[in-house]
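Asks: take a look and give me a structure for this.
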Amino acid sequence: MSDVPTGMLEQTMKWIATYLPTLYAAGAALSISALMSLYDGQSMLKTATGSLVCGIVTLAVAGSLEYLGLPYNAVTFVGASIGFMGADKVRNKVTGFIETRIGGAKGNE
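Replies: Sure, this is the predicted structure:
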């Protein structure tokens, strides 16, 4: 007898089917980032951590596509773009955006 609660497999499969585009985009970001880091000759530690960061950032951005003015079916393109840019460039973009928003608010006071 299995220790898995009744219906758990069905619920898991339904969740995966619902969020498959987001999971695919995160996987694409992770894979592309890893391949680009290896191509650039980065260490394995930097490749692994950078790839995971890109996958996690893609998951975070996927929930915000409507706020950013993009349709949900653009999630794969966004994930691939994040993976291609890499963790360092994504960090620079996000930091620049935040500094612009905070700096602009301070300048108006």
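
Asks: who's in contact with stretch 30-40?
Replies: 46-48, 50-55, 58, 80, 82-84, 86-87 (CB atoms under 8 Å, 6 or more residues apart in numbering). Using the backbone N, CA and C atoms, a C-beta is placed for each residue, glycine as well.

Asks: buried ones only from those, please, as a ChimeraX command.
Replies: In ChimeraX, this line selects whichever of those come out buried by 16 or more other CB atoms under 10 Å:
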select :47,50,51,52,53,54,55,58,80,82,83,86,87
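
Asks: among the contacts of stretch 30-40, which two are most distant?
Replies: Greatest spacing in the contacts of stretch 30-40, by CB to CB: 46 and 80 (20.3 Å).

Asks: state the mean pLDDT of the strand or helix carrying residue 84.
Replies: Assigned by DSSP states H and E, residue 84 belongs to helix 75-85. Taken as a whole, helix 75-85 carries a mean pLDDT of 93.
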